[in-house]
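**Student:** The sequence and its predicted three-dimensional model are supplied below.
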Amino acid sequence: MARDHARLSLHIWTDTDFQPLSTPAKLLYLFLVSQPKLSYAGVLDLAVKRWARAHPDLGFDGVRAALGELDAAEFVVIDHDHEELLVRSFVRNDELWKQPNVLRAALRVAFDIESTMLRRALAAELRRLPVEVTGPAPTVAADELEAGARELPPSVKAAFTVRGSARAVVDHPAPPTPPLATGPADALTSETVEAERSPWSEPPPTPSGNPSPIPSAMDLGEGSRERGTSRGPVPVDRKVGVPAPASPPAREGTHACEAPGSRRAVRRVEADRLVAVHVPALPGRVLARLRGEVIGLLAEQVPAAAVAAGLREWSGKRLPVTWLPELVGEHQRAALTTAPAAERRRAVVAAEGFERLRADAVADDDRSPVGLAVRGELPTHATPADLDALLVAALDQAAQGELVGVGA
């Protein structure tokens with residue numbers, strides 16, 4: 001069934017990781033979790049242009065910068081190669097795990113994820129679910145996701161037959177024993193006892209009239225680096241219900257969803273380094289947005305030297321963070337913009353002439369060597385010399401063909 005509403009935790013506004021985010025980043029996070037196409041696994045297709053239409057005051061660059069900030073703060077995980085986005089803690093904070101059928105649907109669509117990066121991140125979140133409530137299925141699914149399964153495996157289906165033990169793994173005091181029945185009106189039915197015992201029952205429709213003065217131990221925030229006050233669930237291995245050996249602790253400073261040598265972890269470390277070295281001391285939220293922009297540039301294979309030059313240029317100007325890509329691009333064009341005027345003019349004329357030749361070849365369905373050359377796949381980021389070389393090679397091929405025809 002399609003989503004028709006979104007769940008928002010009231011704790012988000014006091015979360016010390018969410019508070020430092022910029023207003024656009026906070027707005028975009030709420031925008032993402034309320035998207036109707038957000039899967040039960042918390043995954044969306046990356047569609048920055050479409051999302052920007054809903055935020056005309058931010059525009060494409062503003063939305064991209066806000067995404068970079070959310071990515072840097074680990075509220076979302078973005079794979080630009082596969083164009084997929086994961087709202088990292090969605091499954092956990094939306095409390096889908098409390099409803100067995102919805103949890104099953106979430107695990108089923110999780111295996112549609114293409115990105116290895118997103119699969120690893122979601123697996124880390126599934127292992128944080130309370131196994132005493134969900135049973136071993138999420139943990140088994142996490143193993144299968146990392147193993148590369150492309151559909152819900154039989155091992156996960158089998159794990160769903162094992163219900164949670166309803167024994168809390170956190171050190172909470174036991175709830176008080178209900179008073180004994182004193183008469184027929186107070187007698188507890190077997191259905192009532194079962195409802196009290198079942199971990200799958202729904203919460204009451206209205207809050208308790210006598211709430212506890214001490215909040216329950218729970219993870220803070222909607223994403224980022226929540227600091228939980230309870231121990232994580234006991235992991236289980238592929239043999240359903242059997243505790244697995246404890247995993248070695250993650251390297252300090254590396255998020256659980258990132259292998260120490262993964263491309264994502266390397267980009268994050270490199271972004272931290274570039275911003276720390278080439279930017280003066282600034283407010284933390286500004287630095288976080290800069291790191292988000294730098295991560296995006298590194299993901300596009302922009303050389304670190306060009307990024308560093310852009311950071312230095314930005315530091316000396318009164319410009320918003322979203323202008324960093326333009327400054328980096330300006331630096332990358334420096335060799336062209338500083339060339340003599342005559343050389344720049346020749347490049348313009350060469351490009352214009354080549355495109356006119358290509359348009360004519362397409363219109364005439366020209367299949368001569370020259371026509372095929374200009375209509376075929378062209379080199380990326382071609383220089384005028386590259387285009388000239390392509391035409392010269394095609395003309396040579398045409399001349400050789402004519403010589404062969406004359407000889408025959």
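**Tutor:** Great, that's in hand.

**Student:** now residue 383, nearest residue through space, not along the chain?
**Tutor:** Computed as CB to CB, 6 or more residues apart in numbering, the closest residue to residue 383 that is not its neighbour in sequence is residue 347, at 7.8 Å. Where C-beta positions appear, they are placed from N, C-alpha and C, glycine not excepted.

**Student:** so that neighbour touches residue 384, yeah?
**Tutor:** Yes: if you go by CB atoms under 8 Å, residue 347 and residue 384 touch, sitting 4.7 Å apart.

**Student:** For the residue nearest to residue 383, pull up the helix or strand it's in.
**Tutor:** Residue 347 belongs to helix 341-364 when assigned by DSSP states H and E.

**Student:** Packing partners of that helix?
**Tutor:** With contacts taken as 3 or more CB pairs under 8 Å, 6 or more residues apart in numbering; DSSP states H and E, helix 341-364 sits against helix 369-375, helix 384-407.

**Student:** which residue ranges form the strands in this structure?
**Tutor:** 43-45, 76-79, 84-87 (DSSP state E).

**Student:** In the sheet, which strands lie alongside the last one, parallel or antiparallel?
**Tutor:** Strand 84-87 pairs in its sheet with strand 43-45 (antiparallel), strand 76-79 (antiparallel), by DSSP bridges.

**Student:** avg pLDDT for it?
**Tutor:** The average pLDDT within strand 84-87 is 95.

**Student:** who touches it?
**Tutor:** 29, 32-33, 38, 41-46, 67, 75-79, 113-115, 118, 121-122, 223 (CB atoms under 8 Å, 6 or more residues apart in numbering).

**Student:** With just CA atoms, put it into CSV.
**Tutor:** Presented in CSV, the C-alpha positions along strand 84-87 are these (Å, rounded to 0.1, in the frame of the first residue of the first chain):
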residue,chain,number,x,y,z
GLU,A,84,20.0,6.4,-5.5
LEU,A,85,19.5,8.0,-2.1
LEU,A,86,18.9,6.4,1.3
VAL,A,87,17.3,8.2,4.2
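
**Student:** chain center to it: distance?
**Tutor:** 4 Å (CA atoms, centre = their mean, to the nearest Å).

**Student:** Any regions of the stretch 301-408 of the chain where pLDDT drops low?
**Tutor:** 402-408 (pLDDT under 70).

**Student:** Distance-wise, check the nearest residue to residue 378 once chain neighbours are set aside relative to residue 10.
**Tutor:** Leaving aside its sequence neighbours, residue 378 sits nearest to residue 390 (CB to CB, 6+ apart; 7.4 Å). According to CB to CB, to the nearest Å, residue 390 stands 62 Å off from residue 10.
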